[in-house]
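*Asks:* What shape does this take:
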Amino acid sequence: MRDHPPGPSNDDDSRPAHSGGPAARLEIRHLRYFRAVAEELSFTRAADRLHIAQPPLSQQIRQLEEELGVQLIDRDNRPVRLTEAGTLLLERAVAIMSQFDAAVDDVRRIGRGHSGKLAIGFAGSAMYSVLPDVLNTFRDRYPEVELSFSELLVAEIAEALSRRSIDVGFSRPGLPLDPSIEQRLLITEPLMAAVPTRHPLAARATIPVEELHGQAAVLYPRHPRPSLTDLILDALGERGIVLELKEGARNMQTALGLVAAGAGISFVPASVCGHGRSGVRFVGIEPQVLTSPMTVVWRKDHASVALKNFLQIVETVGPAHG
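*Replies:* Numbering: from 1, shown residues only. Take a look at the predicted model:
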């Protein structure tokens with residue numbers, strides 16, 4: 001007896017009901033089984049390849065033919081042969097399975113945090129400190145995660161997190177308190193005095209903090225508060241030291257440019273001092289009463305595994321820079 005698939009019946013109830021169209025009951029396994037038979041041209045070899053028994057395999061192929069309403073395999077020949085419809089389905093099945101397998105692999109890699117995207121916002125001074133080592137370590141471990149970067153003011157980091165245009169930020173003081181944002185102290189650095197090279201204090205090995213009183217100073221934005229400027233002025237104010245605020249700078253590089261131009265002194269994290277700046281000398285302050293914390297910040301509802309992996313590296317690498 002020839003092994004033909006059952007033909008169409010005049011009885012409407014003899015075929016499975018299709019609530020979602022002709023391929024409503026098709027599953028990936030049907031294509032996987034069909035591909036094995038089509039490539040092996042043998043139910044026996046295909047069953048061995050799939051590690052299943054032959055009868056269930058034959059049943060699955062029959063179900064596939066019934067769902068499609070067309071014969072896919074000519075069973076009259078040995079080896080079996082594909083019909084014209086079967087040849088077309090094999091071509092499409094190979095492409096579909098390739099895309100499906102790639103999608104599964106991509107999803108699993110994202111699920112493990114081995115691929116995906118991370119957008120990082122940072123205060124400019126972070127690039128002189130912990131951030132380069134964090135990025136290099138992360139890239140070594142997760143080279144397929146795509147990283148993007150934005151240098152932002154502290155207030156802009158908070159806004160970018162709220163808009164979800166960044167996933168994680170490295171911030172200095174002044175980040176607004178927000179219950180949706182997680183903040184973790186990463187390092188606390190001493191602040192150094194940035195002094196014009198022609199300034200009398202530039203010749204000192206260190207500057208007694210009391211000698212900062214009355215100095216013209218270039219500081220940073222005071223909003224949002226408490227800002228780094230607030231921390232500096234408060235720490236000095238506790239000792240009765242008052243600065244003469246001459247200029248304001250949006251960022252550290254602008255402040256250093258104004259210092260080089262003789263506008264006044266400023267204060268920068270110690271990690272910046274190793275990079276030098278023409279016209280500026282960095283001098284330590286004694287006692288070390290001025291410090292600048294750096295925090296890593298992210299949204300509490302961010303569920304990315306890539307972010308979790310990134311934060312683990314931050315926690316490992318960061319303390320070495322404190």
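*Asks:* Please name the residues that touch Gly248.
*Replies:* For Gly248, the contacting residues are Val218, Leu219, Tyr220, Pro221, by C-beta atoms under 8 Å, 6 or more residues apart in numbering. (Glycine included, C-beta is placed from N, CA and C.)
*Asks:* One more: Gln183?
*Replies:* Applying C-beta under 8 Å, 6+ apart, the residues near Gln183 are Ser171, Leu175, Thr295, Val296, Val297.
*Asks:* which residues are in contact with the strand or helix carrying the fourth one?
*Replies:* Going back to what we said before, that points to Val296. Using DSSP states H and E, Val296 falls within strand 291-299. Strand 291-299 has contacts (C-beta under 8 Å, 6+ apart) with 123, 125-126, 129-130, 157-158, 161, 164, 167-173, 175, 180-191, 228, 231, 269, 307, 311, 314, 318.
*Asks:* Going through those, which ones are buried?
*Replies:* Burial by neighbour count, 16 or more other C-beta atoms under 10 Å: within the contacts of strand 291-299 this picks out 123, 125-126, 129-130, 157-158, 161, 167-173, 175, 181-182, 186-187, 189-191, 228, 231, 269, 307, 311, 314, 318.
*Asks:* Among the residues you listed, which lie within strands?
*Replies:* Residues of the buried ones among the contacts of strand 291-299 located in strands (DSSP state E): Val168, Gly169, Phe170, Ser171, Ile181, Glu182, Leu186, Ile187, Glu189, Pro190, Leu191, Pro269.
*Asks:* can those go into TSV with extra columns for pLDDT and distance to Arg25?
*Replies:* Formatted as TSV, these follow (pLDDT from 0 to 100; distance: C-beta to C-beta, whole Å):
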residue	pLDDT	distance to Arg25
Val168	97	45
Gly169	96	49
Phe170	95	52
Ser171	91	54
Ile181	90	48
Glu182	92	46
Leu186	91	55
Ile187	91	59
Glu189	92	64
Pro190	95	69
Leu191	96	69
Pro269	93	64
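*Asks:* check contacts around the residue nearest to the spatial centre of the chain.
*Replies:* Centroid check for the chain by C-alpha atoms, centre = their mean gives Leu118 as the closest residue, at 1.8 Å. When contacts are counted by C-beta under 8 Å, 6+ apart, Leu118 touches Val145, Glu146, Leu147, Ser148, Asp167, Val168, Ser304, Ala306, Leu307, Phe310.
*Asks:* can you pull out the strands in this structure?
*Replies:* Ranges of strands in the chain, per DSSP E, are 73-74, 81-82, 116-122, 145-151, 168-171, 181-196, 206-208, 216-219, 244-248, 266-269, 280-286, 291-299.
*Asks:* Can you tell me which of the ones you listed has the worst average pLDDT?
*Replies:* Among these, strand 244-248 has the lowest mean pLDDT, at a mean of 83.
*Asks:* Residues touching stretch 139-149, excluding its own?
*Replies:* Residues outside stretch 139-149 that contact it (C-beta under 8 Å, 6+ apart): 109, 113-122, 135, 138, 306, 309, 313.
*Asks:* Any of those residues buried? List them.
*Replies:* Using 16+ other C-beta under 10 Å as the burial test, the contacts of stretch 139-149 include 109, 113-116, 118-122, 135, 138, 306, 309, 313 as buried.
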